[in-house]
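# generate coordinates for the sequence data below:
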Amino acid sequence: MESLWFHFMRPCFYSSVDACCTAKMSVKAFELVPAVDRDHLMGDKARINIECIECCGKHLYVGTNDCFIHHFLLEENTTVKGTLTYSAQKLLVMYLGQKKPVEALKAASALERLIVLCDTTLSMVDMVTLEAVPSGGAKVKGVAAFCINENPVIGDPFCVEIAVISSRRRVVQVYMVYEDRVQLVKEVSTPQQPCAVSLDGYFLCLALSSQYMILNYSTGASQDLFPYDSEERKPIVKRIGREEFLLAAPGGLGMFANAEGVSQRAPVNWSESVIGAAVCFPYVVALDENFITIHSMLDQQLKQTLSFRDGHILQDFEGKVVLASTKAVYVLVPLPLERQVQDLLAGHRVEEALTLTEGARRNIPKDRFQVLHKRILQQAGFIQFGQLQFSEAKEHFRRGQLDVRELISLYPLLLPSSSSFTRCHPPLHGFADLNHLAQGDQEKVQQCKRFLISYLGEVRSTEGANGCREDVDTALLKLYAEQDHESLLDLLASPNACLLADSAPWLEKHHKYFALGLLYHYNGQDAAALLLWVRVMSGELQDSTRTDLYEYIVDFLSFCSDLDLVWKYADWALQKDQTIGVQIFTKRPVGKKSQSKEKTGQVNPDDVITYLGKHSQALMLYLEHLVLEKRIQREQFHTQLALLYTDRVLSALNQSPRPEQKLAAARDKLQFLLRESSLYRVQLLLGKMDHCEQLLLERATLHGKLEEHEKALHILVHQLKNFPAAEAYCIWGSATQDPAYRQRLYHLLLGVYLDVPGRGVAVGGARVGELEVAAVDLLNRHGEVFDAVRVLDVIPEGWSLELLRPFLVRALRGNMHARRTSQVALGLARSENLQLQHDRLKQRGGPVLLSDKRGCHLCHNTFTGPECVCLPGGTPVHTHCAAERVVRDSPAKRQLANTSNHT
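The predicted structure is shown next:
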């Protein structure tokens, strides 16, 4: 809320600004239509002038300076061109019997009375007959001015509340006017003589001799507004709404004030000589000596100026603005809102049009306003689109819920040929198409296309694309292809509604074959997609969209559910690159014979292996996938992979010069498989390596698989002389075995080192000294594994204790640790047993008392000794009675099964 003083103190330069901008800011909001002409009113009486007017529905009352009241019936007529005219029919003329002018007329339609001010006397006449009310109590004398309370505080529908300014005292009186009488209800004093008044509820807005003020006649509270000079200009006090008034302020300002004395609207700038004002929302109409000026309450701009000479009365009656010169009466007819808005839009005054539309919301039914507002927003969007103001246009399109096809239709060939869209009628814009808009400016065309790409990208996932998704996506695809936009592939790789029939020729035209393949795939035509991509790979078609197209095709085939297509193009892919091409099968789930290929899209590995027979590299990679990655436990796959590895190693060994790096890698793979797998055919592989002295390490591994550990260790120690490999063999060979098995392997290795008689292995190429050193190192490194007693039996007698000191220390420590660990375990077991016995005794409860006088519960004989069995509940019976009980299904039998003997 803004203080009235703030507006009043602003520099008064509005007049010059408005004068400069009148031509630019003008809009035809009203038409001045004659209602009662001079001849109809006064005939040939030249000295008769209009003093006041009142309008109630179709009834017009005119008060003249010769003390007559003229009653007219106004009929509205519409011409063929849609123009509104008025025809006036004089119904009655009444002379009030005095020689003073009729100063004011106010209709009280609920009472069918016309309140008349003449010669400072307030009286009432009948609205129909204009006859004076006979009762003497219906007059008030000494009245300078009066007004009717249009927001009465009483609930009586047959009573009118008025405020009266006394001509004799500085008071304002509030009266209740009835059909035949007037009753004073309140009298309020004022600091100065009032000269104009307006009443709303309890609030009086007064123009005093030097200032305006707001006065609550119920509480007496008052609020000074701003000063003015009543001698320089006529004050204006006009109620324009609930607890809101329009006032004429110094500097040619029309100020708004509410009941709290503050302004919630910016002032309008009218002329210094305004003599009357009215509000026809959203406009403020002001009358001066020569013109009618119309300002907007929404943006305070001057919208229209009409020439009107000798005007001296301006009143609004229930939304109808009526003016009068001294000789005639006119009606200021507002033009339809749509016409005003269209005039503004025609002048590209978008913001004014929107402001006017939104400001008139309260005067238009909700449904009609929504339709009107959306259309105006859409029109505004196209105007700003034509001016390349794309961000503003986009916002107006969004708010106006524009059918996006209206925009797409501006771009030639973007809408699908199958689209049933037709443009809105009447049209939202004046453009035939984009070429018409751009007038040959290609830069403007490109800007518009970039905007449409952005707009369609946003709108396609919103409700704005509902019902036209195919048109939107197809148009977006065409723009992406034409502009070589990076989002083309994203569009086709995600759910879309692009029409194949329209999109395919467009993509071919712009050489977007990869994108066309994606579109074929999205429409379920994988065969067409693959054929197109293969043609690009062969160079028959040119498309540089993806440099890794071959890898993409392989990946596509690996997920393709059509196995016929997979087999058709697999050979082509393998011929180009076996390493990459085999991914068609390695990325695909492994199928089983029992599964339906059509349903699962899986392939049987046996079929793949057969198919890859002519592609050895691919076959080996596929077998690696099955054996090493998928861990498929089938002897056939493991054996075939091992044979392929072996052949590869043998081939490398036979090459000259020998590829050492390649050979080492091949042997690493072979050795890993031989160690880790237990499913291959060992004898077959041994036969393949039997005469190859370079594969001794592999042969040793194979002997180990056959549990021929002595042969394996003999190869490692005596032929390869690889002592670390021999120790590693022992670790590998006993990895999944118990400690005894591991100890056996280490003793075998020690025996090979020492060439113990009876082992069946003779000392080979390794010298005795090297073997003894290796044996000592073995003992010292793994002493905890060996049986120390057996070791002492087999080592040479010439070895010193110092040489075996690490072994002996570790052996003694290991033995001592084992002994102490067993003692600890034994102690823990005894402790646990003792605890269990204690718990068992606690469960038994108290002692069982026996005597030679107490009988057995089963045989009823007395006890002869302390031996007994307790039944549940503590009942003692003979042990033989309990044993001889033969009723197996009885509860007693089942309970005896869980009893414990105690004496």
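# so which residues of the stretch 751-900 of the chain form strands?
Here the stretch 751-900 of the chain has its strands, by DSSP state E, counting those that start in this stretch, at 869-871, 875-877.
# out of those, which gets the lowest mean score?
If you rank the strands of the stretch 751-900 of the chain by mean pLDDT, strand 869-871 sits at the bottom with a mean of 80.
# follow-up on the earlier one: redo the strands of the stretch 751-900 of the chain as TSV? Include mean neighbour count.
Yep, even glycine has a C-beta here, placed from its N, CA and C like the rest. Output for the strands of the stretch 751-900 of the chain, formatted as TSV (neighbours: other Cβ atoms under 10 Å):
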stretch	mean neighbour count
strand 869-871	19
strand 875-877	18
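# Gln300 is nearest to which of these?
Nearest to Gln300 among the strands of the stretch 751-900 of the chain is strand 869-871 (109.8 Å), distances taken as Cβ to Cβ.
# and the closest one, what does it pack onto?
Applying 3 or more Cβ pairs under 8 Å, 6 or more residues apart in numbering; DSSP states H and E, we find strand 869-871 packed against strand 875-877, helix 879-884, helix 891-896.
# let me see the mean pLDDT of the last one.
Averaging the model's pLDDT scores along helix 891-896 yields 44.
# same question for stretch 755-763.
Rounded mean pLDDT across stretch 755-763 is 45.
# cool, and stretch 195-213?
Taken as a whole, stretch 195-213 has a mean pLDDT of 91.
# ends of that stretch, how far apart?
Start-to-end span of stretch 195-213 (Cα to Cα, to the nearest Å) is 12 Å.
# CSV for the strands of the stretch 751-900 of the chain, including distance to Ile294?
Formatted as CSV, the strands of the stretch 751-900 of the chain follow (distance: least, Cβ to Cβ, whole Å):
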stretch, distance to Ile294
strand 869-871, 116
strand 875-877, 118
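# so which bits of the longest helix seen in the chain are buried?
Assignment by DSSP state H gives helix 805-844 as the longest helix of the chain. Within helix 805-844, the residues that qualify as buried are Phe807, Leu808, Arg810, Ala811, counting by 16 or more other Cβ atoms under 10 Å.
# which among these gets closest to Leu491?
Among the buried residues of helix 805-844, Arg810 lies closest to Leu491 (Cβ to Cβ), at 72.4 Å.
# any regions of the stretch 801-903 of the chain where pLDDT drops low?
Residue ranges of the stretch 801-903 of the chain with pLDDT under 70: 843-846, 872-873, 886-903.
# again, 50 this time
Applying pLDDT under 50 to the stretch 801-903 of the chain flags the ranges 886-903.
# what about the helices in the stretch 601-750 of the chain?
Counting by DSSP state H, counting those that start in this stretch, the segments of the stretch 601-750 of the chain that form helices are 605-611, 616-624, 635-654, 660-676, 682-689, 696-705, 709-714, 723-733, 739-754.
# now those as TSV including distance to Tyr480 and mean neighbour count?
Shown next, in TSV, are the helices of the stretch 601-750 of the chain (distance: least, Cβ to Cβ, whole Å; neighbours: other Cβ atoms under 10 Å):
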stretch	distance to Tyr480	mean neighbour count
helix 605-611	39	17
helix 616-624	38	21
helix 635-654	47	19
helix 660-676	47	16
helix 682-689	58	16
helix 696-705	59	21
helix 709-714	67	22
helix 723-733	60	19
helix 739-754	68	19
